[in-house]
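Peer 1: dropping a prediction and its sequence here:
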Amino acid sequence: MTIKALLRTTLLAGAAALAATAGANAASWRGWNIHPDGYPNTVALEDFAKALTAKTDGRLSAQVYNNAVLGDQPDAIDQLRNGALDFANFNLGPMGEFVPSINVLSLPFLFSSVDQMHAVMDGPIGKRFSDDMSEQGIVSLAWFDSGARSFYDTKRPIEKPADLDGLKMRVMNNQLYVDMVDNMGGNATPMAYGEVFQSLKTGVLDGAENNFPSFDSSNHYEVAKYFSLTEHLILPECVCISKTSWDALSPEDQTIVRQAAIDAANEQRELWAKQEEESRKKVEAAGVKINEIADKGPFQDKMKPVYDDFLKANPDLKSLVDDIRSTKAQ
C-alpha cells in the first residue's frame with residue numbers, strides 16, 4: 001500500500017471512529033404528550049423534538065409519545081422528575097400536587113382573559129413558577145395555551161350554579177377543582193381523562209369540563225350535547241424538561257433547547273387559536289347546544305369559600321394572587 005493510500009485509509013478510519021463516538025454520545029430523549037396526532041400541542045411538541053435534532057447537529061434526538069401511552073399525567077410528572085422521561089407538555093392543573101405554588105393557577109376565575117394569562121406567564125411571575133418547579137426536578141422552558149375551560153354535560157344547559165345541582169362532573173385530580181364543583185352544587189369526580197368518554201356514555205358521569213379542542217378531539221361531544229361557557233379556568237401548560245436531562249446538557253445546547261421551546265410555544269398558540277374556532281364550529285354542526293353566559297357573577301360568587309380556604313391554608317400566596325390579578329394583558 002502506498003503512503004498516500006495508507007494515509008487516506010487512516011483518515012477514513014479516524015472519521016468513522018469519531019462518527020461512532022458521536023453517535024454513542026448522542027442523547028436520545030423521550031417525550032410525553034396526552035393529546036392525539038394533529039392536535040395543536042402535538043404538532044408544536046413534535047416540531048420542538050425535530051428542532052432539537054436539527055439545531056444540535058444530532059447531539060440530541062427526541063421522540064414524542066402521544067395519547068398518554070407512557071402513562072397518565074400524574075405518572076408522567078413522576079417519571080419526568082426521576083429522569084425516566086426527558087420532556088413533556090403538561091397541563092399545570094395536576095402539577096400543584098408536586099409544586100404547591102402552582103395551585104394558585106387553579107383558582108377559578110383567577111385570570112380575566114387568555115391574553116392576561118399570557119402576560120402573567122411570560123413575565124416575572126411565570127419565572128417564579130419556573131423556579132419553584134425546578135426545585136422539584138422539572139425545568140419549565142415555555143408556556144402553551146389551553147384556552148378557557150367550561151362545563152359540558154349530557155343533561156341540560158348550565159346557565160346558573162343551580163343547574164349543576166346533583167350532576168356528577170369529572171374534574172382533574174386536584175382538590176381545588178373538587179371544591180370548585182362542590183361549591184357550585186355539583187358532585188365532583190376526579191377521573192383519568194381516558195375514562196371520561198365511556199363514563200359519559202354509560203351515565204357514570206353526567207358531565208366534565210374542558211376547552212373546545214379537547215371536547216372535540218376526545219369525541220365527548222358525541223355524548224355530551226350541552227356546552228356552557230362558564231370559562232371558569234384558564235390554565236397554562238408547560239414545555240417541561242427533566243432537570244436530570246437539562247443538567248446533562250452543555251450551556252450551548254441548553255440555549256438551543258430553550259429557544260426551541262419558546263418557538264414551539266409561539267407555534268402552539270397560533271395553532272390553538274385556529275383550532276379553537278374550528279372545533280367550536282364542528283361541535284355546533286354536530287348538534288351541541290352552546291350556551292353563552294352573559295353574567296358569570298353568580299358562579300364567581302360561589303368561589304368565595306374556595307378562595308377563603310385556599311388563602312387560609314396558604315397565607316404566603318395571597319400577594320401572588322394579588323400580583324396576578326393586577327397584571328395587565330399585553
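Peer 2: Yep, that arrived. Numbers count the residues shown, from 1 in each chain.
Peer 1: could you pull out the helices for the protein?
Peer 2: 3-25, 40-55, 73-81, 114-121, 124-134, 175-184, 196-202, 212-217, 243-247, 251-285, 297-301, 304-313, 318-326 (DSSP state H).
Peer 1: need those helices in a markdown table (columns: distance to residue 154, mean pLDDT and mean neighbour count).
Peer 2: (C-beta placed from N, C-alpha, C; glycine too.) Formatted as a markdown table, the helices of the chain follow (distance: least, Cβ to Cβ, whole Å; pLDDT from 0 to 100; neighbours: other Cβ atoms under 10 Å):
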| stretch | distance to residue 154 | mean pLDDT | mean neighbour count |
| --- | --- | --- | --- |
| helix 3-25 | 54 | 41 | 10 |
| helix 40-55 | 26 | 97 | 21 |
| helix 73-81 | 25 | 95 | 20 |
| helix 114-121 | 27 | 95 | 20 |
| helix 124-134 | 36 | 96 | 16 |
| helix 175-184 | 16 | 94 | 22 |
| helix 196-202 | 6 | 98 | 17 |
| helix 212-217 | 13 | 94 | 23 |
| helix 243-247 | 42 | 97 | 17 |
| helix 251-285 | 14 | 97 | 17 |
| helix 297-301 | 20 | 96 | 14 |
| helix 304-313 | 25 | 96 | 14 |
| helix 318-326 | 34 | 96 | 14 |
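Peer 1: with distance to residue 95 as new columns, can those helices be given to me in JSON lines?
Peer 2: Formatted as JSON lines, those follow (distance: least, Cβ to Cβ, whole Å):
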{"stretch": "helix 3-25", "distance to residue 95": "32"}
{"stretch": "helix 40-55", "distance to residue 95": "15"}
{"stretch": "helix 73-81", "distance to residue 95": "7"}
{"stretch": "helix 114-121", "distance to residue 95": "13"}
{"stretch": "helix 124-134", "distance to residue 95": "7"}
{"stretch": "helix 175-184", "distance to residue 95": "12"}
{"stretch": "helix 196-202", "distance to residue 95": "20"}
{"stretch": "helix 212-217", "distance to residue 95": "17"}
{"stretch": "helix 243-247", "distance to residue 95": "15"}
{"stretch": "helix 251-285", "distance to residue 95": "17"}
{"stretch": "helix 297-301", "distance to residue 95": "24"}
{"stretch": "helix 304-313", "distance to residue 95": "16"}
{"stretch": "helix 318-326", "distance to residue 95": "15"}
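Peer 1: so for residue 228, which of those sits nearest?
Peer 2: For the helices of the chain, proximity to residue 228 was assessed by Cβ to Cβ; helix 297-301 is nearest, at 10.0 Å.
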